[in-house]
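Trainee: sequence first, then the predicted structure, then my questions.
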Amino acid sequence: MKLVIAVIHDRDKNRITETLLQNGFKFTKIGSTGGFLREGNVTLLIGVEGKEVERLVNVISDSCKTREQFVNVLPPDAAPVGTFMPSPVKVLVGGAVCFVMDVERFEQF
């Protein structure tokens, strides 16, 4: 058995959770925050048999795509008065990060 930990951008969470359920994957959803932009994420804990890992990863990658977003380098309240504010910078956001780990023991009560 494997445990897949998938960290997914908030904008993709509804699409991925529906798609996982349609494909028969059960999961536990945990709200999280992090990354470069400190935006909301959702962390999914998904237990699967080893032979299902590739199918699961494919479902996740098909549902969670990166996209470009413009962000300000410095938040306005962090810059001293009179500081030059650079133009917004284009960065990639979204998508998913997956960690696949072996499960030594699994019990369901």
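Mentor: Perfect, I can see it now.

Trainee: which strand runs longest in the protein?
Mentor: strand 39-48 (DSSP state E).

Trainee: show me what that strand is packed against.
Mentor: strand 2-9, helix 13-22, strand 28-34 (3 or more Cβ pairs under 8 Å, 6 or more residues apart in numbering; DSSP states H and E). (Each C-beta comes from the backbone N, C-alpha and C, glycine too.)

Trainee: so which of the ones you listed is the most packed in?
Mentor: strand 2-9 (a mean of 19; mean count of other Cβ atoms under 10 Å).

Trainee: remind me what that one packs against, helices and strands.
Mentor: Using 3+ Cβ pairs under 8 Å, 6+ apart: strand 2-9 touches strand 39-48, helix 53-63, strand 96-102.

Trainee: quick one: closest of those to L21.
Mentor: Checking the helices and strands packed on strand 2-9 against L21 by Cβ to Cβ gives helix 53-63 as the closest, at 10.6 Å.

Trainee: tell me the angle the closest one makes with strand 96-102.
Mentor: Helix 53-63 runs at 170 degrees relative to strand 96-102, counting by axes from the mean of the first three to the mean of the last three Cα atoms, to 10 degrees.

Trainee: now helix 53-63, how far from the chain's geometric center?
Mentor: Here the centre of helix 53-63 is set off from its chain's centre by 13 Å, with Cα atoms, centre = their mean, to the nearest Å.
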